[in-house]
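Enquirer: here's a sequence, model it:
(4 chains)
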2 protein chains.
Amino acid sequence: MTETRVTVVDIARAVGVSKSTVSLVLQGSPLVSEATRAKVTSVMRDLGYVYNRGAANLRQSGSKSGIIGVVVNDLTNSFFAELAVGVDVIVQSAGFVQFLANTSESIDRQREVIATMREHGISGLIISPARGTEPSDFRPLVAAGLPVVVAVRNSPGAKVSSVISDNEGGIFAGVAHLASLGHRRIAFLGGFPDTAVFQERTAGYRKAMQANGLDCDDGLIIASAPSRLGGVEAISQALKLGDRPTGAVCFNDAVAFGVCDGLRAQHLEPGVGFAVIGFDDVIEARTAVPALTTISVDPQGIGRRAAQLLLKQINAGKAEAETLISSVRLVVRDTCGATRAAAEMDNVNRRQTGS
Amino acid sequence: MTETRVTVVDIARAVGVSKSTVSLVLQGSPLVSEATRAKVTSVMRDLGYVYNRGAANLRQSGSKSGIIGVVVNDLTNSFFAELAVGVDVIVQSAGFVQFLANTSESIDRQREVIATMREHGISGLIISPARGTEPSDFRPLVAAGLPVVVAVRNSPGAKVSSVISDNEGGIFAGVAHLASLGHRRIAFLGGFPDTAVFQERTAGYRKAMQANGLDCDDGLIIASAPSRLGGVEAISQALKLGDRPTGAVCFNDAVAFGVCDGLRAQHLEPGVGFAVIGFDDVIEARTAVPALTTISVDPQGIGRRAAQLLLKQINAGKAEAETLISSVRLVVRDTCGATRAAAEMDNVNRRQTGS
DNA sequence: GACCATAATTGGAACGATCCAAAAATGTCA
DNA sequence: TGACATTTTTGGATCGTTCCAATTATGGTC
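Expert: Coordinates of the predicted model:
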């Protein structure tokens, strides 16, 4: 029920020094004698003093508030939750705090959230932009000299740093794997074509098809919502093609799961009649049946690297826009047919019943 | 590259009014004329003005900073990620922002994080305390008049509000379900006994055993780490008992998955030779094979209610400590044997091969 | 046009810290 | 002891906003 909060002046009065001295203690200045420092800190503890950072960075020029804004588009997606944790690890150990907000893919909410963060004087921003974010949306931020790092979703054209995963390389590896298993007609399923991630992944697809001497028919690229439902739609469309594909790399794991659902509806078993590869390696990929072959990315690592990059820029005052590409790796499980082929070799009689 | 930030005085000068008038516009005061309001807002936009909230709540007595601190013990656990999202939904729609931090179950980190949040003048705190948090840890917070809501993990003895799930009722329902399937020896597996959650869940277990006329032998309660590994250990211990249990309710889903692993190691199939019920209903519970029967809680709902409770307290100035209990429900899937019993009835020949 | 009520505007003093130049205390040495 | 260097300490002034009392503009009425 202490109505009045304790300030430096209260401390100063109690100790018998000036507020300037207390301030110096607060900043750990070497100018203050050991004796007074001890007295001051002791009294601070006794009176239950809490530092008022708002008042502090009012005086301190610029915004060294020590707050890092983190904006993600979907925190319920464990991919982004991991990302946020990665950021937090670095940010906390650097003595900063994290301001986390969720946009739920809403541009409006994203705008509001960024505005509020700026009002609170964030020292930097890490953002996984909502779909439809324009490069120009970052303009006022960089103009104000605010360090910004874009994570996961690239924003070409915006003059900001970014940390993304190796979308092209990942899909390339997936396609190459299917080709090595003997597939000739390989589809790319899912994703919105108006996103940078889609562009990068289909680029990897095209390169891999060519590199493996396969026919790169654009009809084999079927866009859809990047969701389970989108996957169902994409595969049903793919199976209607004249020269049916025998396998597919998918935009992400959600699409891949949808593709598996769609295959079963057509009495095809993923990994037997049709090979499926996802992207992300979400938790369920491991535990699903059949387990999903997928491209594994390290969201926490991306978060950590984004945070490091941002801190570097904050300390450097103003650095060049820089792009980091986080490597990915193919995790072979059951839906691509590779393990199954080996198992069948082993015992022909297993698992006769479908459903 | 605009070195000097734009302030109300700049706006005032540009428009030709006093800073006080600009301030009134900022607060949406009805005292200012429509004409000037329009001019001011327009100039604010032109000059790219950003409101300095720090300076504002320096003047505004007390801390109506508009920041809600949220502390969770493990954000990588989707349960807590969902909780944070639930909080965010309410908090954002009320015009507040969320300050999210992760403690990774570290008391030290929790202390640091709370201290930093206070320095930034949070208006309230929602916390899922790290293991080992003492009720006395909340003392200075409530003493300072800071509204606090404890979520998920109760902290009996601390004079703070809390939102928890119906641990007792959930376990009661699980035990009752197993009893209705004919089980007589039912174990409770996993969890640290020194936590409030454990106490509540075992209380539900004991009540249900008695209510169903079953022998409530304390030897059937086997504690362990609340993890997959802990589950493996707990079940191996349970199977060594003289009068072996035929089913178990587990502390949480992670333990339940571990129990399934342990059963298979003993050539028992979950849901056939032994019934298993989890708690939480994490995402993997649905997709695992066999799918986990579990007590479903609604973490996002808990988050929302915690946020609502906190906002109520913030607005009310100072309210009584209040406890909300979020209801749970039993989700019957495969590991309890109920669906299997039905399926066997249907077709005796299905699924002969294990593993 | 004088009067009044109401509407709109305005300086200056806060808020709680930091910063700076300058003062006071302390130590050193001839 | 005095002169000087060095270590500690200290009053304002300041950051960008809100608050308050006081001032000025506006409109209506007789």
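Enquirer: for the residue in the stretch 151-300 of chain A that DNA strand C sits nearest to, grab the count of nearby residues.
Expert: Going by Cβ to the nearest atom of the strand, DNA strand C is nearest to residue A:161 of the stretch 151-300 of chain A, at 27.1 Å. In this view, the C-beta of every residue, glycine as well, is placed from N, C-alpha and C. Residue A:161 has 22 neighbouring residues, counting by other Cβ atoms under 10 Å in any protein chain shown.
Enquirer: wait, it sits on residue A:154?
Expert: No: using Cβ atoms under 8 Å, residue A:161 is not in contact with residue A:154, being 10.8 Å away.
Enquirer: between those two, which contacts overlap?
Expert: By Cβ atoms under 8 Å, 6 or more residues apart in numbering or on different chains, residue A:161 and residue A:154 have these common neighbours: residue A:323.
Enquirer: list the buried residues in the lengthiest helix in chain A.
Expert: Scanning chain A for the helix with the most residues, using DSSP state H, yields helix A:299-316. Going by neighbour count (16 or more other Cβ atoms under 10 Å in any protein chain shown), the buried part of helix A:299-316 is A:299-311, A:313-314.
Enquirer: closest to residue B:333 among those?
Expert: Using Cβ to Cβ, residue A:299 comes nearest to residue B:333 of the buried residues of helix A:299-316, at 28.4 Å.
Enquirer: circling back to that earlier point, name the helices or strands packed onto the longest helix of chain A?
Expert: The helices and strands touching helix A:299-316, judged by 3 or more Cβ pairs under 8 Å, 6 or more residues apart in numbering or on different chains; DSSP states H and E, are helix A:78-93, strand A:124-127, strand A:148-151, strand A:161-165, strand A:323-326.
Enquirer: one step back: closest to chain B out of the buried residues of helix A:299-316?
Expert: Among the buried residues of helix A:299-316, residue A:300 lies closest to chain B (Cβ to the nearest Cβ), at 7.9 Å.
Enquirer: the closest one: what's it in contact with?
Expert: A:82-83, A:85-86, A:89, B:76.
Enquirer: which ones among the residues you listed come in contact with DNA strand C?
Expert: The subset of the contacts of residue A:300 within reach of DNA strand C, by Cβ under 7 Å from any atom of the strand, is empty.
Enquirer: could you tell me the end-to-end distance of stretch A:266-283?
Expert: One end of stretch A:266-283 to the other measures 26 Å (Cα to Cα, to the nearest Å).
Enquirer: list the buried ones in it?
Expert: A:268-272, A:274-283.
Enquirer: then stretch A:20-29?
Expert: A:21-26.
Enquirer: what lies in contact with that stretch?
Expert: With contact meaning Cβ under 8 Å, 6+ apart, stretch A:20-29 is reached by A:8, A:11-12, A:15, A:31-32, A:36-37, A:40-41, A:51.
Enquirer: the stretch 101-250 of chain A: strands as residue ranges?
Expert: Secondary structure of the stretch 101-250 of chain A by DSSP state E, counting those that start in this stretch: the strands cover A:124-127, A:148-151, A:161-165, A:186-189, A:221-222, A:247-250.
Enquirer: who are the packing partners of the fourth one?
Expert: Here strand A:186-189 touches helix A:167-180, helix A:196-211, strand A:221-222, helix A:228-238, strand A:247-250, going by 3+ Cβ pairs under 8 Å, 6+ apart.
Enquirer: likewise the longest one?
Expert: Using 3+ Cβ pairs under 8 Å, 6+ apart as the contact test, the elements touching strand A:161-165 are strand A:148-151, helix A:299-316, strand A:323-326.
Enquirer: tabulate these (TSV), appending mean pLDDT and distance to residue B:124.
Expert: Formatted as TSV, the helices and strands packed on strand A:161-165 follow (pLDDT from 0 to 100; distance: least, Cβ to Cβ, whole Å):
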stretch	mean pLDDT	distance to residue B:124
strand A:148-151	96	29
helix A:299-316	94	27
strand A:323-326	94	36
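Enquirer: deepest in the core, which of the strands of the stretch 101-250 of chain A is it.
Expert: strand A:247-250 (a mean of 32; mean count of other Cβ atoms under 10 Å in any protein chain shown).
Enquirer: about what we covered before: what about chain B: which of the contacts of stretch A:20-29 touch it?
Expert: residue A:51 (Cβ under 8 Å from any Cβ of the partner chain).
Enquirer: of the contacts of stretch A:20-29, which are in range of DNA strand D?
Expert: Answer for the contacts of stretch A:20-29 near DNA strand D (Cβ under 7 Å from any atom of the strand): A:31-32, A:36.
Enquirer: and the residues you listed, which of them are buried?
Expert: Neighbour counting over these (16+ other Cβ under 10 Å) leaves A:32, A:36 as the buried ones.
Enquirer: give me the subset of the ones next to DNA strand D among the contacts of stretch A:20-29 that lies in helices.
Expert: Mapping these onto helices (DSSP H) picks out residue A:36.
Enquirer: just the ones next to DNA strand D among the contacts of stretch A:20-29 now: which is nearest DNA strand C?
Expert: residue A:31 (8.5 Å).
Enquirer: retrieve the pLDDT associated with the closest one.
Expert: Per-residue pLDDT puts residue A:31 at 93.
Enquirer: where's the closest residue to it other than its chain neighbours relative to residue A:138, distance?
Expert: Of all residues beyond its chain neighbours, the one nearest residue A:31 is residue A:24 (5.8 Å), with distances taken as Cβ to Cβ, 6 or more residues apart in numbering or on different chains. Per Cβ to Cβ, to the nearest Å, residue A:24 is found 39 Å from residue A:138.
Enquirer: ok, now which ones touch the nearest residue to residue A:327 once chain neighbours are set aside?
Expert: In space, and not counting its chain neighbours, residue A:327 is closest to residue A:166: 5.3 Å by Cβ to Cβ, 6+ apart. For residue A:166, the contact set (Cβ under 8 Å, 6+ apart) comprises A:325-328.
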